[in-house]
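Q: From the sequence below, what's the structure:
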Amino acid sequence: MTNFAPLPLQPHDEEGPVFAEPWQAEAFALAVQLSEGGLFTWKEWTETIGDEMQKARDGGDPDLGDTYYDHWLGALERLAREKGATDANAMAERKDAWRRAYLNTPHGQPVHLSASQ
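A: Numbering: from 1, shown residues only. Here you go, the predicted model:
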């Protein structure tokens with residue numbers, strides 16, 4: 001994996017990024033993987049996440065760091081759409097499938113999304 005320096009305001013310690021929840025680590029890894037795979041450059045990534053964070057601040061986000069990975073996810077979704085990797089309808093359908101799977105999974109059990117969902 002490429003060694004990426006933490007972005008401004010990214011939660012991190014001396015060893016690298018830190019995550020409050022597993023989905024944050026997954027979103028981080030996905031962004032790195034998509035960049036390394038050529039879907040977008042790291043420069044495009046930093047510009048897009050910066051833009052997403054500015055939109056959030058303009059909308060009233062106090063920018064305390066607790067919403068950082070929400071912006072990360074927004075930037076991922078935006079770049080995936082802009083680069084043609086997916087579209088808004090496909091993302092909405094997938095999010096709904098995950099929501100249904102989550103709601104139908106007993107507490108403490110892993111959530112599984114079948115290929116048909």
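Q: Which residue, neighbours along the chain excluded, lies closest to D70?
A: Spatially, and ignoring its direct neighbours in sequence, D70 is nearest to A56 (7.7 Å; Cβ to Cβ, 6 or more residues apart in numbering). C-betas here are computed from N, CA, C, even on glycine.
Q: That neighbour contacts Y69, correct?
A: No: A56 is beyond contact range of Y69, at 11.9 Å (criterion: Cβ atoms under 8 Å).
Q: neighbours around L39, how many?
A: 18 (other Cβ atoms under 10 Å).
Q: Let's verify it: helix, strand, or coil?
A: At L39 the chain is in coil, as set by DSSP: H, G, I helix; E, B strand; the rest coil.
Q: H71 is in contact with I49, correct?
A: Yes: checked against Cβ under 8 Å, the pair I49 and H71 is within contact range at 6.0 Å.
Q: Which helix or which strand is home to the residue lying farthest from the centre of the chain?
A: The outermost residue of the chain relative to its centre, with distances by Cα atoms, centre = their mean, is P106 at 25.1 Å. If you go by DSSP states H and E, P106 is not part of any helix or strand.
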